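K.L.:
here you go, sequence then predicted model.
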Amino acid sequence: RKEVEQDPGPFNVPEGATVAFNCTYSNSASQSFFWYRQDCRKEPKLLMSVYSSGNEDGRFTAQLNRASQYISLLIRDSKLSDSATYLCVVNPPGATNKLIFGTGTLLAVQP
Amino acid sequence: GAVVSQHPSWVICKSGTSVKIECRSLDFQATTMFWYRQFPKQSLMLMATSNEGSKATYEQGVEKDKFLINHASLTLSTLTVTSAHPEDSSFYICSARGTSGKTDTQYFGPGTRLTVL
């Protein structure tokens, strides 16, 4: 089983739609969780950290369910500029600096 | 914000040659830098972690003699792909973790696309 698993997509949605991505992780003791965004042939950029209580940043909402070991990202009112690959990233236990990346979910927002 | 640069942004070389990639933290000091590799349609895979002034820690399956890492200062780490072969063609990305005030986040460089002919 992969350490971090995501549905690769692609998710094709119209502008203004709400879209949700899920991610599961295998190590129940993982400590930190993040969503990164990666545009084609570019480096990943931190979108938001994911906290146990859930957190929101504008149109983006992240949730963590430790019992089920999954993380979600909700994007409301999708914009064309949201088109990118969204990477679920987990910091495993015992390795403060290490990040484990999922393969990413491709989002294509259509006009 | 924290800025990390990489040089070169792309390189094409012949099989058997060595290629050096530089990673610099431009506006902060990075005690720890990380080197990742990403093949097409795959996730970033951590290759090694380097701490300033000490030997790098390589992930399982990564040959330390093939991928030489040097982290000689708090703002510069280099990755040298020795005797490169076509299967080494990939997108190499570095990231840097700050010493203070920016310790919770890894800042990524723009990546280096290596093509070995």
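P.N.:
Sure, I can see it. Numbering: from 1, shown residues only, chains lettered A, B, ... in the order given.

K.L.:
tell me the phi and psi of residue B:86?
P.N.:
Note on residue B:86: backbone dihedrals following degrees, to the nearest 10 are phi -50, psi -30.

K.L.:
okay, now it: neighbour count?
P.N.:
When neighbours are defined as other C-beta atoms under 10 Å in any protein chain shown, residue B:86 has 9 of them. Just so you know, the C-beta spots here come from the backbone N, C-alpha and C atoms, and that holds for glycine as well.

K.L.:
give me the nearest residue to it, chain neighbours excluded.
P.N.:
In space, and not counting its chain neighbours, residue B:86 is closest to residue B:116: 4.9 Å by C-beta to C-beta, 6 or more residues apart in numbering or on different chains.

K.L.:
pretty sure the one you found is touching residue B:85, no?
P.N.:
Yes: between residue B:116 and residue B:85 a contact is recorded at 5.9 Å, counting by C-beta atoms under 8 Å.

K.L.:
more crowded one of these two?
P.N.:
residue B:116 (20 against 11).

K.L.:
quick one, what contacts the closest residue to residue B:42 other than its chain neighbours?
P.N.:
The shortest distance from residue B:42 to any non-neighbouring residue, by C-beta to C-beta, 6+ apart, is to residue A:103 (6.2 Å). Counting by C-beta atoms under 8 Å, 6 or more residues apart in numbering or on different chains, residue A:103 makes contact with A:6, A:8, B:41-43.

K.L.:
coming back round to it: overlap of the contact sets of residue B:116 and residue B:85?
P.N.:
With C-beta under 8 Å, 6+ apart, residue B:116 and residue B:85 have common neighbours residue B:15.

K.L.:
how many residues are close by residue 92?
P.N.:
Defaulting to chain A. 18.

K.L.:
that answer is for a different chain, and I need it for chain B
P.N.:
Residue B:92: 23 neighbours (other C-beta under 10 Å).

K.L.:
so which residues of chain A form helices?
P.N.:
Counting by DSSP state H, chain A forms no helices at all.

K.L.:
which parts of it sit against chain B?
P.N.:
A:4, A:8, A:41-46, A:49, A:87, A:97-104 (C-beta under 8 Å from any C-beta of the partner chain).

K.L.:
can you tell me the closest non-neighbouring residue to residue A:34?
P.N.:
residue A:89 (4.3 Å).

K.L.:
tell me the bridge partners for that neighbour.
P.N.:
residue A:34, residue A:101 (DSSP bridges).

K.L.:
immediately after the lowest-mean-pLDDT helix or strand in chain B, which helix or strand?
P.N.:
One helix or strand of chain B scores below all others by mean pLDDT, DSSP states H and E: strand B:106-108, with a mean of 87. Later in the chain than strand B:106-108, the nearest helix or strand by DSSP states H and E is strand B:112-116.

K.L.:
now do the buried residues in that next one.
P.N.:
For strand B:112-116, the neighbour count (16 or more other C-beta atoms under 10 Å in any protein chain shown) marks B:112-114, B:116 as buried.

K.L.:
cool, and stretch A:20-29?
P.N.:
Of all the residues in stretch A:20-29, those buried under the rule 16+ other C-beta under 10 Å are A:21-25.

K.L.:
circling back to that earlier point, out of the contacts of residue A:103, which end up buried?
P.N.:
In terms of neighbour count (16+ other C-beta under 10 Å), the buried residues within the contacts of residue A:103 are A:6, B:43.

K.L.:
from the contacts of residue A:103, pick the one nearest residue B:91.
P.N.:
Set against residue B:91, the nearest of the contacts of residue A:103 by C-beta to C-beta is residue B:42 (9.7 Å).
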